[in-house]
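Enquirer: just to be clear, the model below is a prediction. Sequence and coordinates:
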Amino acid sequence: MAQISKNARTSSATHHFYCPCGGEIKMKTIFENGKVKNIAECEKCKRVERRPSDFK
Ligand SMILES: [Zn+2]
C-alpha cells in the first residue's frame, strides 16, 4: 500500500504547461457531439489546443 501512494504522488497530474504568451495552460473537459473531450486552454490569451504540448 505504501508503494501505491508513492506512485500516486509521482504520477499525479501536476505538470505545468505554459503558452508562448506566458499564460498557464489549463486542461478542460468539454462535451462535443456527445463525446467527452479534453482540451488545453491558455488562461491568458484563451488559445485552445488539443494537447498542452501543441503550444510549443
Ligand atoms: Zn497564451
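Expert: Cool, the structure landed.
Enquirer: nearest spatial neighbour of Cys19, skipping sequence neighbours?
Expert: The shortest distance from Cys19 to any non-neighbouring residue, by Cβ to Cβ, 6 or more residues apart in numbering, is to Cys42 (3.9 Å). (Each C-beta comes from the backbone N, C-alpha and C, glycine too.)
Enquirer: pLDDT score assigned to Lys56?
Expert: For Lys56, the pLDDT comes out at 85.
Enquirer: state the number of residues packed around it.
Expert: 9 (other Cβ atoms under 10 Å).
Enquirer: what about the nearest residue to it once chain neighbours are set aside, distance to Pro52?
Expert: Ranked by Cβ to Cβ, 6+ apart and with sequence neighbours excluded, the top spatial neighbour of Lys56 is Pro20, at 7.6 Å. Note on Pro20: its distance to Pro52, by Cβ to Cβ, to the nearest Å, is 12 Å.
Enquirer: before we move on, the earlier item: go ahead and confirm the residue nearest to Cys19 touches Gly22.
Expert: No. The pair Cys42 / Gly22 is not scored as a contact, 9.1 Å apart, by Cβ atoms under 8 Å.
Enquirer: quick one, which of the two is more surrounded?
Expert: Cys42 (21 against 10).
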